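Enquirer: my questions concern the predicted model and sequence given below.
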Amino acid sequence: MAKIIHTMLRVLDEERSVNFYKTAFDLDIAKRLDFDSFTLVYLRNDENDFEVELTINKGREEAYKLGDGYGHFAVVVDDLESEHKRFSAAGFEPRKIVEFERDGALLAKFFFVTDPDGYEIEVMQRHGRYT
């Protein structure tokens, strides 16, 4: 059986992105690999062993075009309202909290935030199948 281990995002500014993911999701650098033309930074926290891999292509100045194929990745938190307030205070401009229902029952409660390179991240309340 396959185990998902990381997702990779191409970013322009390593420091800005590392700071965002540390402040937003408490992700620390687990490994940093520097090559001639690019750098790989693996971010994680003690909550799980899934990592966010940041790829920084050296010399690139133009923002990446995300296109219409990328959707988002999601994280769960214990207190969505507190996290929304914390994100707002940090200047991350999270979108409003949404309650998503199906057949009259709460399916998910969440908000979206965008990282410095335009990647969408869904922040969900621990609930239902995501506990």
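Expert: Looks like it arrived, so ask away. Numbers count the residues shown, from 1 in each chain.

Enquirer: show residues contacting stretch 122-131.
Expert: 72-80, 83-84, 87, 94, 106-113 (CB atoms under 8 Å, 6 or more residues apart in numbering). For every residue, glycine as well, the C-beta is placed using N, CA and C.

Enquirer: swap in 7 Å and give it another go.
Expert: 72, 74-78, 80, 83, 106-113 (CB atoms under 7 Å, 6 or more residues apart in numbering).

Enquirer: buried residues, it. List them.
Expert: Using 16 or more other CB atoms under 10 Å as the test for burial, stretch 122-131 gives Glu122, Val123, Met124, Gln125.

Enquirer: could you dump it to CSV, C-alpha only?
Expert: What follows is stretch 122-131, C-alpha atoms only, in CSV (Å, rounded to 0.1, in the frame of the first residue of the first chain):
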residue,chain,number,x,y,z
GLU,A,122,-8.1,24.9,3.5
VAL,A,123,-8.1,25.1,7.3
MET,A,124,-10.7,22.8,8.7
GLN,A,125,-12.2,22.3,12.2
ARG,A,126,-11.5,18.7,13.4
HIS,A,127,-14.8,17.0,12.8
GLY,A,128,-16.4,13.9,11.3
ARG,A,129,-14.0,12.0,9.2
TYR,A,130,-11.2,14.5,10.1
THR,A,131,-10.9,13.9,13.8
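
Enquirer: quick one, strands of this protein?
Expert: Using DSSP state E, the strands of the chain run over residues 6-10, 28-34, 38-44, 51-57, 73-77, 98-102, 105-114, 120-125.

Enquirer: tell me what angle the longest one forms with strand 73-77.
Expert: With axes from the mean of the first three to the mean of the last three CA atoms, to 10 degrees applied, the angle from strand 105-114 to strand 73-77 works out at 110 degrees.
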